[in-house]
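Student: Fold the following for me, if possible:
(2 chains)
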Amino acid sequence: MSLQQIKTLAMSQSKRLYVTTMMQVVGRALQAISEQDEEIQKISSAFPEGFVFSMQVLPNGPGFALRKTADNSLEFLDDIPTEKPDLTIYIKHLEHAFRILSFQESTAQAFANDRMIVDGDISFAIRMTRALNRLEAYILPKLVAELAIKEYPHIPLPEKVLHGARIYLRVATNFISQQVKFA
Amino acid sequence: MSKGFYEFFCPVKVIAGEAALEHIPFELSALGASRPLLITDKGVRGAGLTDYVTTACDESGVAMVAVFDDVPPDSSTEVVKEIAELYRNSGADSIIAVGGGSVIDTSKGVNVLVSEGGDDIAKYSGAGVLKRPLKPFFVVPTTAGTGSEVTSVAIIADKSKGVKLPFGSPFLLPNAAIIDPRMTLTLPPHITAATAMDALTHATEAFTCLAKNPLSDAYALSAIRKISDNLLNVMDNPKDVEGRLELAQASTMAGIAFSNSMVGLVHSLGHALGAICHLPHGLCMSLFLPYVLEYNLSKDKSREALSELLLPLAGAEVYARTPEGQRAEKAIETIRDLRDELYERCKLPRTLEETGKVGRDQLARIADMALDDGSIMFNPAEADFDEVLKVLNLAWG
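Tutor: Okay, here's the model as predicted:
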């Protein structure tokens, strides 16, 4: 194997690791924000109870899935269900997922660039994208969030810090409890 | 600014111009078909437009094995099923759709059923479900606006469940779109105006929204120029064959542009308004176009693209004498002027109030529905409920 091939392989594996990790973070963060943010609960209120949303990289992942609960929050699922989710946003390639999750390409621009396809109700996909945008506005520094979403909303700094901290704490707790569960 | 990435796809053969309909028999035989089923609606047949198609085929020894002329204004799964049965019972081997958006969408659905089998069109709903080419399919548009003859989507209502089923597949595209000026020569003025504004909106949004790309841009610019150069002439001289052809071609070109670049907030609002107040799609587009462009501009989006549009919209002289920094505003003003001219000629409403069919108390519901419309994703400026409501209030009057 040439040095170039080794470099390429390492790069590809790093990207896969990054995308896998970020998918887990985004999925868990969506659960976290949905438990505390009324706006997200309003967004998910249109989904029927038990509605499963997933985001996956073609052809075989990585990805994550969430299920809507009775109180309009979104529950992170440890595994993508074998039964077809109600709505799936497929990202066509790992490279595209890397661009999106490293905020080089906003979700809207990724749709416009045909990086993603929707399997399910388009209006629900629009709602989920709105939820993702709101999440990104809270958990990313403003400079990064401005790259990830079309327009950075007005969020007072104390609210952003408090909200963001709660989401990160919830994600960390979720990760730790999963480690304990599998230990 | 160069586009980092884009996709562009349009495999439809466009047969346009005088005596274009007379090419249908040859095109059918090229695909090994000889027994077409003609699908249309009562209005189109009553206006004698299908006679041009059947005569053109008869003269080459191709007879329609059946004609279905009862497509309703909104395509439905039941009608699709009924026509598919007619197709099978009549021994047809191809489809010719003659009509506007509803006839074309219905025919796309029929082609799915007769090619894939079964009688439940809902099974094929969604994106990319179809995996192989369908039966030979030709579309003869009778309005110059929807561009459905070159789009790979169809919307068919399932009335029993009260939902609209979306279909998206490149296999839905017809083998050929036949653009013949005879088909639009007798369009009444208000339909000519509304459908042209539909095409203008397709091209404008294709050129100013997030998925714009160089190939779509070329189609969009050319479509806008054709509409600007010909619409008012055709309104004044409805029998202007050349002008009619130009508008019909503009509609097809705008269709190619938006099916590859998508559309934005004008369509989100228009879809919601159409669904709630049952107004024709073209009129909805005309009602919102300037207000949405102003909204996008107020958020500092699309200035460059809108400035470029001034040239095809208003011509070289106006473009040259308008300072660079004011061209975007001038482009919107030109669209407003065009709407005023159309109002003068055929009373095409310019505001929601002028339609007489929209209640101010319906605006919040329209805004809510518009926010969930797929096209909102591609609008260059973000819009939340309050902002969408503000646009609606401006469009009120």
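
Student: Now B:I15: which helix or strand?
Tutor: Element membership for B:I15 (DSSP states H and E) is strand B:13-16.

Student: Mind giving me the packing neighbours of whatever helix or strand comes next after that strand?
Tutor: Sequence order places helix B:24-30 as the next helix or strand after strand B:13-16, per DSSP H and E. Under the contact definition 3 or more C-beta pairs under 8 Å, 6 or more residues apart in numbering or on different chains; DSSP states H and E, helix B:24-30 sits against helix B:49-58, strand B:137-141. From N, CA and C alone the C-beta is placed, and that goes for glycine too.

Student: Next, format these as CSV and append mean pLDDT.
Tutor: Converted to CSV, those look like this (pLDDT from 0 to 100):
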stretch, mean pLDDT
helix B:49-58, 96
strand B:137-141, 98
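
Student: Show me where the chain has its strands.
Tutor: Answering for chain A, as no chain was given. Secondary structure of chain A (DSSP state E): strands located at A:52-57, A:63-68, A:74-77, A:87-91, A:116-119.

Student: wrong chain, I was asking about chain B
Tutor: Using DSSP E, the strands of chain B run over residues B:13-16, B:36-39, B:66-68, B:94-99, B:126-127, B:137-141, B:153-158, B:163-168, B:176-179.

Student: Make TSV out of the ones you listed and add distance to chain A and mean neighbour count.
Tutor: Listed next are the strands of chain B as TSV, based on distance: least, C-beta to the nearest C-beta, whole Å; neighbours: other C-beta atoms under 10 Å in any protein chain shown:
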stretch	distance to chain A	mean neighbour count
strand B:13-16	23	16
strand B:36-39	27	27
strand B:66-68	30	19
strand B:94-99	25	28
strand B:126-127	6	18
strand B:137-141	24	28
strand B:153-158	11	20
strand B:163-168	7	18
strand B:176-179	23	25
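
Student: For those strands, which has the smallest mean pLDDT value?
Tutor: Ranked by mean pLDDT, the strands of chain B end with strand B:126-127 at the bottom, a mean of 76.

Student: Residues in contact with it: which ones?
Tutor: A:117-120, B:166-169 (C-beta atoms under 8 Å, 6 or more residues apart in numbering or on different chains).

Student: on that earlier part again, the strand holding B:I15 - which strands sit beside it in the sheet, and in what orientation?
Tutor: Sheet partners assigned to strand B:13-16 using DSSP bridges are listed as strand B:176-179 (parallel).

Student: Go ahead and name everything in contact with the partner strand.
Tutor: With C-beta under 8 Å, 6+ apart as the test, strand B:176-179 has contacts from B:12-17, B:20-21, B:23-24, B:27, B:138-141, B:149-150, B:245, B:248-249, B:252.

Student: Please repeat the previous calculation with a cut-off of 7 Å.
Tutor: Contacts to strand B:176-179, defined as C-beta atoms under 7 Å, 6 or more residues apart in numbering or on different chains, come from residues B:12-16, B:20-21, B:23-24, B:27, B:138-141, B:149-150, B:248-249, B:252.

Student: and the helix ranked longest in chain B, C-alpha only, in CSV?
Tutor: For chain B, the longest helix by residue count, based on DSSP state H, is helix B:214-236. Output of helix B:214-236 as CSV, limited to C-alpha atoms (Å, rounded to 0.1, in the frame of the first residue of the first chain):
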residue,chain,number,x,y,z
PRO,B,214,-25.9,27.8,-14.6
LEU,B,215,-28.0,25.6,-16.9
SER,B,216,-31.3,26.4,-15.2
ASP,B,217,-30.3,30.1,-15.2
ALA,B,218,-30.0,30.0,-19.0
TYR,B,219,-33.5,28.6,-19.3
ALA,B,220,-34.9,31.0,-16.7
LEU,B,221,-33.5,34.1,-18.3
SER,B,222,-34.7,33.2,-21.7
ALA,B,223,-38.2,32.3,-20.4
ILE,B,224,-38.4,35.7,-18.6
ARG,B,225,-37.4,37.5,-21.8
LYS,B,226,-40.0,35.7,-23.9
ILE,B,227,-42.7,36.5,-21.4
SER,B,228,-41.7,40.2,-21.0
ASP,B,229,-41.5,40.6,-24.8
ASN,B,230,-44.8,38.9,-25.6
LEU,B,231,-47.3,38.7,-22.8
LEU,B,232,-48.9,42.2,-23.3
ASN,B,233,-48.8,41.9,-27.1
VAL,B,234,-50.7,38.6,-26.8
MET,B,235,-53.2,40.1,-24.4
ASP,B,236,-53.8,42.8,-27.0
